[in-house]
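Enquirer: Please find the sequence and the predicted model below.
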Amino acid sequence: MHEFAFQPLTKAEEWYRLIAEGRLSENQHYYIFKHSPRCPVSSSAKRRLLTAKSQFPYKLYEVDVIRSRSLSQEISRETNVNHESPQLLFMNGRRCLAHCSHGQVDIEHAEKFAQEMAP
């Protein structure tokens, strides 16, 4: 299990830099949690993830879709995954291996993605 913390991502350049520096390489899995702080469904999803923090298998990066709209759009473009909020993406480098949205954003889906998609 990974020590849990929502690590904020705010700009596409930051995401690309983390990939280029090898911190989010093709050999490392991670999650991106896209959410709107204005949305009650998104707030509920964030609470579910925080409640399960000790069970989270990989790093989780948080994108505020209101403040970081261009990053959210870039992730959608790069991964070919339509934007939704809240949304949990299981990533490997720039590739999205699995994703879910709305009421499905929870530790069960996060663990399922890790078990099915990670070596």
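Expert: Arrived safely.
Enquirer: what sits against the spatially most central residue of the chain?
Expert: Centroid-nearest residue in the chain: residue 32, 1.1 Å away (criterion: C-alpha atoms, centre = their mean). Residue 32 makes contact with 9, 60, 61, 62, 63, 75, 87, 88, 89, 91, according to C-beta atoms under 8 Å, 6 or more residues apart in numbering. Heads up, the C-betas are built off the backbone N, CA and C, glycines and all.
Enquirer: separation between the last one and residue 23?
Expert: Look at residue 91 and residue 23: by C-beta to C-beta, to the nearest Å, they are 12 Å apart.
Enquirer: same check, this time on the fourth one
Expert: If you measure residue 62 against residue 23 using C-beta to C-beta, the figure is 16 Å.
Enquirer: what does residue 111 give?
Expert: Counting by C-beta to C-beta - residue 111 and residue 23 are separated by 23 Å.
Enquirer: Also residue 70?
Expert: The value you get for residue 70 to residue 23, if C-beta to C-beta is used, is 21 Å.
Enquirer: Also residue 77?
Expert: Residue 77 is 21 Å from residue 23, by C-beta to C-beta.
Enquirer: and if you look at residue 106?
Expert: Counting by C-beta to C-beta, the gap between residue 106 and residue 23 amounts to 26 Å.
Enquirer: Comparing those two, which shows the higher neighbour count?
Expert: More crowded of residue 106 and residue 23, by other C-beta atoms under 10 Å: residue 106, with 17 against 11.
Enquirer: Chain neighbours aside, what residue packs nearest to the more buried one?
Expert: residue 48 (4.8 Å; C-beta to C-beta, 6 or more residues apart in numbering).
Enquirer: isn't the one you found right up against residue 103?
Expert: No: the pair residue 48 and residue 103 fails to qualify as a contact (C-beta atoms under 8 Å) at a distance of 9.3 Å.
Enquirer: For these two, indicate the residue with more neighbours.
Expert: Counting neighbours by other C-beta under 10 Å for residue 48 and for residue 103 shows that residue 48 has the greater number, 17 against 11.
Enquirer: In contact with that one, which residues are there?
Expert: Per C-beta under 8 Å, 6+ apart, neighbours of residue 48: 105, 106, 107.
Enquirer: That one: which element?
Expert: Taking DSSP states H and E as the criterion, residue 48 maps to helix 40-51.
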